[in-house]
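1. Just need the structure, nothing else, for what follows:
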Amino acid sequence: MQGGQQARMIFGTHDEKTLAQLADVATRAERVALMADGHLGYVMPIGGVAAYRRKVSVVGVGFDIACGNAAIRTNLTLDRFTRDELANLADEIQATISFGVGRSNHDDDAPTDHPLFESPVWGAIPSKPERASLVAKARNQLGTVGSGNHYVDIFADEEGHLWVGVHFGSRGFGHTVASGFLSLARGKKWGERVPEAEALLSIDDPLGHDYWHLMNLAGEYAYAGREWVARKVVSLLGARELELVHNHHNFAWTETHDGEEYIVVRKGATPAFPGQKGFVGGSMGDDAVILAGAAGDSDEQRAALYSTVHGAGRVMSRTEARGKINRKTGEVKSPGKVSWEMLHEWVGSKGVILRGGGLDESPHAYRRLPDVLAAQGSTVQVLHTLRPIVVVMAGENEFDPYKD
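-> Sure thing, here's the model as predicted:
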């Protein structure tokens, strides 16, 4: 563990580029921290936490606004199901839930009439045509999962109880909001593409005010989508919901730390105040956990701005893992470090029933979750260890601009 000053806490070990990104963020923020699953991101490292005074970082929150995890503990146990029944369930999840880029949710019970669509906050979109287009896109995509590292999983805990876990964010809605405000912050028009660069917006100014409220609406949207998908899978199981654990990890909150109010941006970091529960995934072939912020109020917890990891953290980029691929033809231009044989051997040895997934999401591309949790020290405690039974993701060749 590094970080002698309370204003900058670093858990675990990281490469120089990731640390340089954090140091750059620290020149603008009041306080920063880096979680043990951290790695290089856009402007701000994934796993980074930054506290500002009345300002919010658009690239800090990121393009997948309110990406997060939800887990539901059910009343059923693993011994109720045969392997064949679980494989059939995996097929049913893949057929029922929409995975991949730009997909629309056409299920009769998809929450397209959610009250969030009547929010006056939509009025912050600059023009009526853009507003109508974004509302329509958001309605169509609510309850869709996307691709990349987004998933729907079924787990068994240490006592055999089944959990349903999901990971995704605000889809095209959040991506459009982030892109739009990055453009507006540079003096460009909404929808005009600009390079990813820091945009610190004061929430007391009109532009920052509008972003803040749309960001929070995207958070409500992501919560609604994750809960619908998780509960849909619970119904496919024929189970009842006993407990819901739900949290964003790409978001900003107004919080008080050491008696001072800050806007705290967490980019790939999970809130973990004392007693606060979180669901943190590993990889398609590794355990996940339900954890909670440690009881008490230690110096490390305060220095971490009451945050923890959001996953295991990547050790190789997507291109390093899968190689360079021609997206139009699917042709492999140059191989990566991971083969399908390696992926299937790992997942098969764990007994995971896998549908979809790609080489860039192989367990080989990630750290091991127990290691990063150990590096977080006594700031969190593990309540349940969840073994993956069924993992459903988008397929290898699904391109998704909305993944985190």
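2. If you count neighbours, what's buried in the longest helix belonging to the chain?
-> Secondary structure of the chain read by DSSP state H shows that its longest helix is helix 206-237. If you call a residue buried by 16 or more other C-beta atoms under 10 Å, then helix 206-237 has these buried ones: 207-208, 210-234, 236-237. For the C-beta atoms, the positions are set from N, CA and C on the backbone; glycine is no exception.
3. Next: stretch 348-357.
-> 350, 352-357.
4. Can you say which two of these are spatially most distant?
-> Lys350 and Gly356 (16.4 Å; C-beta to C-beta).
5. Now Ala197, what are its backbone angles?
-> Phi and psi for Ala197, reported as degrees, to the nearest 10, are phi -150, psi 160.
6. That one: what's it in contact with?
-> 43, 59, 182, 186 (C-beta atoms under 8 Å, 6 or more residues apart in numbering).
7. if we go to 10 Å?
-> 42-43, 58-59, 182, 185-186 (C-beta atoms under 10 Å, 6 or more residues apart in numbering).
8. what about the helices in the chain?
-> Using DSSP H, helices in the chain cover 16-26, 58-61, 83-96, 128-141, 171-185, 206-237, 299-303, 318-322, 340-349, 369-375.
9. just to revisit the earlier point, make JSON lines from the buried residues of stretch 348-357 and add pLDDT and distance to Ala90 to it.
-> Below are those laid out as JSON lines (pLDDT from 0 to 100; distance: C-beta to C-beta, whole Å):
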{"residue": "Lys350", "pLDDT": "92", "distance to Ala90": "14"}
{"residue": "Val352", "pLDDT": "93", "distance to Ala90": "10"}
{"residue": "Ile353", "pLDDT": "95", "distance to Ala90": "5"}
{"residue": "Leu354", "pLDDT": "93", "distance to Ala90": "8"}
{"residue": "Arg355", "pLDDT": "93", "distance to Ala90": "5"}
{"residue": "Gly356", "pLDDT": "89", "distance to Ala90": "10"}
{"residue": "Gly357", "pLDDT": "87", "distance to Ala90": "12"}
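10. how near is the closest residue to Asp37 other than its chain neighbours to Pro206?
-> Spatial nearest neighbour of Asp37, excluding adjacent residues (C-beta to C-beta, 6 or more residues apart in numbering): Gly313 at 2.9 Å. Distance from Gly313 to Pro206, counting by C-beta to C-beta, to the nearest Å: 37 Å.
11. So which bits of the lengthiest strand in the chain are buried?
-> As assigned by DSSP state E, the longest strand anywhere in the chain is strand 380-392. Residues of strand 380-392 classed as buried by neighbour count (16+ other C-beta under 10 Å): 380, 384-392.
12. now do stretch 41-56
-> Going by 16+ other C-beta under 10 Å, stretch 41-56 has these buried residues: 41-52, 55-56.
13. Which one of those is nearest to Gln276?
-> Nearest to Gln276 among the buried residues of stretch 41-56, with distances taken as C-beta to C-beta, is Val49, at 14.5 Å.
14. hang on, isn't that closest one packed against Asn250?
-> No: Val49 lies out of contact with Asn250 (C-beta atoms under 10 Å); the separation is 11.6 Å.
15. what sits in contact with each of the two?
-> Common neighbours of Val49 and Asn250 (C-beta under 10 Å, 6+ apart) are 60, 265-269.
16. Output those residues as TSV; include the columns distance to Arg318.
-> As requested, those are exported to TSV (distance: C-beta to C-beta, whole Å):
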residue	distance to Arg318
Gly60	21
Val265	24
Arg266	22
Lys267	18
Gly268	15
Ala269	21
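17. Could you tell me which of those residues belong to strands?
-> Those of the shared contacts of Val49 and Asn250 lying in strands (DSSP E): 265-267, 269.
18. What's the ChimeraX line that selects buried ones from the residues you listed?
-> Buried subset of these, written as a ChimeraX selection, criterion 16+ other C-beta under 10 Å:
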select :265,266,267,269
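19. and the two most separated of the ones in strands among the shared contacts of Val49 and Asn250?
-> Pairwise over these, using C-beta to C-beta, the maximum falls at Val265 and Ala269, 9.0 Å.
20. between these two, what contacts are shared?
-> Contacts common to Val265 and Ala269, judged by C-beta under 10 Å, 6+ apart, are 48-50, 250-251, 305.
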